[in-house]
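**Student:** using only what follows, build the 3D model:
(chains A and B)
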Amino acid sequence: MPASFAPSAADLLRYAPETVLTVAGTLLMVLDPLFAKKSPKLFGHLSIAAFLVAIVAAFQANGAQGLAFSNLLIVDGFATYFRVLVLIIGIVTVLLSYRYLDREQAETGEYHALLLFSVSGQCLMVASNDLMMVFIGLEISSIATYILAGYLRDDKRNNEAALKYFLLGSFATAFMLYGVALIYGATGTTKLDEIRAALLTRGADAWFPMVGIAAALMFVGLAFKVSAAPFQVWAPDVYQGAPAPVSVFMATAPKAAAFAIFLRIFTTAFNQIAGGWEPLVWISALLSMTIGNFAALTQTNLKRMLAYSSIAHAGYVLVALASHSDDGTAGAMFYLAAYALMNLGAFAVVIHISGKGEKHVRIEDLAGLARRQPVTAALLTVFLLSLIGVPLTGGFFGKFYIFRAALQSNLVWLAVLGLLNSAVAAYYYLRLLVVMYMHEPGDVVENLEPLTPGLRAALILPAIGIFYLGVAPGAVLSFAKLSSSFVR
Amino acid sequence: MQNLWLIPALPFLGFLINGILGKKLPKMVINAVAVGSVVLSFLLVLNIWSSGGDLAANPIHQHYFTWIQSGEINIGWDYAVDKLTLIMLMVVTGIGSLIHVYATGYMAHEEGYYRFFAYLNLFMFFMLNLVLGGNYLLLFVGWEGVGLCSYLLIGFYFVKKSASTAGNKAFIVNRIGDFGFSLAMFLIVVNFGTLDFTKVFAAAPGKSTETLTAIALLLLLGATGKSAQIPLYVWLPDAMEGPTPVSALIHAATMVTAGVYMCTRSAVIFTHAPIAMDTVAIVGLATAVFAATIGLTQYDIKKVFAYSTVSQLGYMFLGVGVGAFSAGVWHLVTHAFFKALLFLGAGSVIHACHHEQDMRHMGGLRKYTPVTMAVLACASLAIAGVPGTSGFFSKDAILTAAYGHAPWMFWVGVVTAGMTAFYVWRAFWMTFWGEYRGHGHPHESPWSMLAPLVVLAFLSIAGGFLFNVPKILEGMFPAAEEVPGESMLMGISIAAGLAGIAISYYMYVVNPKLPQRISDGLGGIYRLVYDKYRIDELYDATVVNPVITGSRSLLWKVMDQGVIDGAVNGVGSEAQLAGGWLKMLQSGNIRSYATWVVLGAVCLLILIGVAEGVTR
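**Tutor:** Numbers count the residues shown, from 1 in each chain, chains lettered A, B, ... in the order given. Next up is the predicted model:
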């Protein structure tokens, strides 16, 4: 099919969410000098509005499913699911940033513009049908996040986190790109459906070992982005060092997008060589769960503990990937949504208690929270219970689907070890509950201000979402299940 | 047509009202909401009991909404009531009501009164879900929920460090059991394609023995966690740190019996897995003996009853394991009566002695607390299996069935019964006979506390007649085989119980110097038993500490710091970026992290090469 340079109306519609975000981001940059002094909260409001419009656009685009821009993009249920997910993460991130930026006196249009750009990159990524588009989306998302990680320029920790994230991230991207190059060399195309067709007709053996190496290299790049072991080393440092709203953003949105494209590439393009990559995912899943959970046991810093916990949760999602079935894909999709919500909520509490300059981020700083601010403590309890995987929360169903899918794919040992892992994990989440409910209030809690409206929303919305996913998972799950058929 | 959903919904409503508004409500209203909601549930259950019709032929099954619909699996929010459920409902709401009433008196002066009742009502909600659930998943919701409430309620006295530690222990140990339960559920889903009880049990006989054995053993692991059996019993004695009504309701009468209920509910799976059945019987019997020996030596009145609970739960599992499901459930019911009474009575004693729990500082209380003494005597007679009392019937049914299964099990059970009678009566004599050895002036408890005790005392004595469980459950389970010489066996077990009472009377009333001499004579063995065989220490040394130090040293130091630093030491030192912050972070070195990435990539490349080479 010859490439046409004039995009059709349908193409533009399919690309609408990205357009909305990019335009809004640019607008914020322009408005920055005008409003930065007078009404700094305006930027946040505007970006929330942009995210909301983008969500509407994403649903509109879903009405016109199909390929766009010479088959570079693909809008299907799968893409829509993840677009909406990252957009919601964007909204909650803005909500919990209000308080943080206000406290650090760092409200700028730039911050929100970067957030919008980063999310637009993620939207692009999850709707890519071409490895080059994947790469472009990944870079848009990553570069914006690198800058966000070092947002407070005068803060040493921020600088350190940004530099580490940038250097290691670029390094990992190089692996990814090398993999793309090898694929192109072997099959002559970077389009996912064409790669799949090529591997199907000629057989992967024809290009042995090139395709295998390419898959492994791309695995490295993507595993880095989702902070899966053994490529997780950067995550604790970066999450701990970056501003808390950025940490939670990094732990959720880019991760969800990277997992989405992970699923799309490996189950679509590399379906033929599943025998080769399934063991990799298996090992990586086990390593991530084990390292994440056991290292989290001994942490004293909240952000670092949550970083290790997010490594462990990446491991659970990898279990779903390893099962390599529609149920597994749906399980991963569901879990990523639940995971994003509970992480956002937990970090909102961290932001609440951390104080200016993030001085109070130790676990003991939560001491006695339940007695001074019972509602905050109760909401954090909901998030922790969901992270543990207690029934009636989204976290429980996420795990339930994932391990069921694993067993259905005969990954008995992975399921057993994964469940054991989640039993261990209960311990470190429980520590927070103990400190909150059973210790005498410490100085931090005694001097705590009440919740600001933004933080309150950033706590309540995810909590509602978690209960929704836990009590009535049907709608989200059936959408995920339906979409999972697009990537196989 | 009864609306089953109302039964759990009422306590849940109570939880919401007290939990959200409780801080501002007067005590009267809190009481009315908390007690009223549970009593109403009880009345609803009574209504089913009296008008339910023939539940054996037509169990009630109500489907409210489809919870999960994904592919072939379809899980609904279904409540089902058959006779087994009905018995459990009677126990949970009946005893629950009594204990709620008791708690209004016992907790009257505690801080966080409304919170306590909110948690207690929440517990009722989850417990009722557990027994009403028509599929394993709903049962599991209740299962996890009651565990959570138990954790909250044990740690209720959070100023007490020991209470919060005990709460943690309960939670963590139960996670291990839940791991077994969830794995069993997954196996059921994969093999049966459903979690509905009716469908699973209909299809179970057609499945292979291996599958059913695996499922049954994993369910048993779950049950050992919740019902405090070997090897996961360690949390229950510590759980007695919680307020006494909690010990009575959750850790004696209801939650801890959930494992027995679950195994009985899954009877079809168990009966088709003989190995699992034997395991259940042996675990139950071993726990019964083991916990009874510990009970012989304890001085904390609640600890004595705690180990007694572990031991009696062991009896129930023995019943289930030898195929006498209805006898196991019968003991569950009678035990709920007399053990709730023992705990509540102990609470009354503790109340009387100004929060003293050590029996060495009690004594002579019969003069001060006659009602408490009288009701505790009823409970102690029942647990000792004195003929005519409720405990006698159920215990005898289990022991007879055990004899039919394997005579040695009967004999071990009889010895345990003797020990049980001994330690319960030991506690009785130490508390009520002799001279008062404590401080202050003991006083009798208020009637809000005593009235439930009197009801329970009546049930402890007459409950065996009133609730002839095997008769009620007739036809639900395979009939137990006839055992020859039943009356002789009965005589032996009665004799064992009476002997236990007599010996305790001799040792603690007639000749009070004797126990000291015996324990001195036994020396090390006595210390070992008194220290609960040092099982906690063993677990700490073999499981807990290795995990903690392992993750601290291996993962935290070696992998994050040692390995990386070691591998690229030369590069590391010159590339060290300045700044104190950096040093705090792992090895803090970007190049070493990059090396880590490369190493990982190389490993993966080799791996994918191997894997592909193999599949080629």
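
**Student:** end-to-end on stretch B:229-244?
**Tutor:** 21 Å (C-alpha to C-alpha, to the nearest Å).

**Student:** and that stretch, what's its mean pLDDT?
**Tutor:** On average, the pLDDT along stretch B:229-244 is 86.

**Student:** repeat for stretch B:207-221
**Tutor:** Taken as a whole, stretch B:207-221 has a mean pLDDT of 92.

**Student:** buried residues in that stretch, which are they?
**Tutor:** Taking 16 or more other C-beta atoms under 10 Å in any protein chain shown as the basis for neighbour counts, the residues of stretch B:207-221 that come out buried are B:207, B:211, B:212, B:213, B:214, B:215, B:216, B:217, B:218, B:219, B:220, B:221. Every residue, glycine included, has its C-beta placed from N, CA and C.

**Student:** sort out for me which of those are in strands.
**Tutor:** Counted as lying in strands by DSSP state E, out of the buried residues of stretch B:207-221, is not a single one.

**Student:** redo those as CSV? Include distance to chain A.
**Tutor:** As requested, the buried residues of stretch B:207-221 are arranged in CSV below (distance: C-beta to the nearest C-beta, whole Å):
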residue, distance to chain A
B:207, 15
B:211, 12
B:212, 16
B:213, 15
B:214, 10
B:215, 12
B:216, 17
B:217, 13
B:218, 10
B:219, 14
B:220, 16
B:221, 11
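
**Student:** for the stretch 251-400 of chain A, what are the low-confidence residue spans?
**Tutor:** Low-confidence segments of the stretch 251-400 of chain A, defined by pLDDT under 70: none present.

**Student:** so where do the helices sit in it?
**Tutor:** Ranges of helices in the stretch 251-400 of chain A, per DSSP state H, counting those that start in this stretch, are A:274-297, A:302-323, A:326-354, A:369-372, A:374-388, A:394-408.

**Student:** before we move on, what about the stretch 351-500 of chain B?
**Tutor:** Ranges of helices in the stretch 351-500 of chain B, per DSSP H, counting those that start in this stretch, are B:370-384, B:390-405, B:407-432, B:447-466, B:469-472, B:486-505.

**Student:** what about the helix or strand containing residue A:445 and chain B, touching?
**Tutor:** Residue A:445 is part of helix A:443-446 when elements are defined by DSSP states H and E. No. Helix A:443-446 is not in contact with chain B by C-beta under 8 Å from any C-beta of the partner chain; minimum separation 14.3 Å.

**Student:** in the stretch 351-488 of chain A, what residue is nearest chain B?
**Tutor:** For the stretch 351-488 of chain A, the nearest residue to chain B under the criterion C-beta to the nearest C-beta is residue A:438, separated by 3.7 Å.

**Student:** residue B:152 versus that residue, what's the distance?
**Tutor:** Look at residue A:438 and residue B:152: by C-beta to C-beta, to the nearest Å, they are 10 Å apart.

**Student:** common neighbours of these two, please.
**Tutor:** Any residue near both residue A:438 and residue B:152 by C-beta atoms under 8 Å, 6 or more residues apart in numbering or on different chains counts here, and that gives residue B:167.

**Student:** before we move on, back to that, would you turn the helices of the stretch 251-400 of chain A into a markdown table with distance to chain B and mean neighbour count?
**Tutor:** Listed next are the helices of the stretch 251-400 of chain A as a markdown table, based on distance: least, C-beta to the nearest C-beta, whole Å; neighbours: other C-beta atoms under 10 Å in any protein chain shown:
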| stretch | distance to chain B | mean neighbour count |
| --- | --- | --- |
| helix A:274-297 | 4 | 23 |
| helix A:302-323 | 9 | 28 |
| helix A:326-354 | 7 | 27 |
| helix A:369-372 | 9 | 22 |
| helix A:374-388 | 7 | 23 |
| helix A:394-408 | 5 | 26 |
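
**Student:** in JSON lines: the ones you listed, plus distance to residue A:50.
**Tutor:** Listed next are those as JSON lines, based on distance: least, C-beta to C-beta, whole Å:
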{"stretch": "helix A:274-297", "distance to residue A:50": "34"}
{"stretch": "helix A:302-323", "distance to residue A:50": "26"}
{"stretch": "helix A:326-354", "distance to residue A:50": "19"}
{"stretch": "helix A:369-372", "distance to residue A:50": "34"}
{"stretch": "helix A:374-388", "distance to residue A:50": "27"}
{"stretch": "helix A:394-408", "distance to residue A:50": "26"}
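
**Student:** state the number of residues packed around the residue of the stretch 351-488 of chain A closest to chain B.
**Tutor:** Residues contacting residue A:438 under the criterion other C-beta atoms under 10 Å in any protein chain shown number 23.

**Student:** just list the residues touching it, thanks.
**Tutor:** B:155, B:158, B:163, B:164, B:167.

**Student:** give me the packing partners of the host helix or strand of the fourth one, helices and strands only.
**Tutor:** Read that as residue B:164. Using DSSP H and E, the element containing residue B:164 is helix B:161-192. Helices and strands touching helix B:161-192, as assessed by 3 or more C-beta pairs under 8 Å, 6 or more residues apart in numbering or on different chains; DSSP states H and E, comprise helix A:394-408, helix A:412-438, helix B:136-154, helix B:197-203, helix B:209-226, helix B:235-239.

**Student:** with distance to residue B:326 added, can I get those in CSV?
**Tutor:** Below are the helices and strands packed on helix B:161-192 laid out as CSV (distance: least, C-beta to C-beta, whole Å):
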stretch, distance to residue B:326
helix A:394-408, 33
helix A:412-438, 33
helix B:136-154, 20
helix B:197-203, 17
helix B:209-226, 18
helix B:235-239, 25
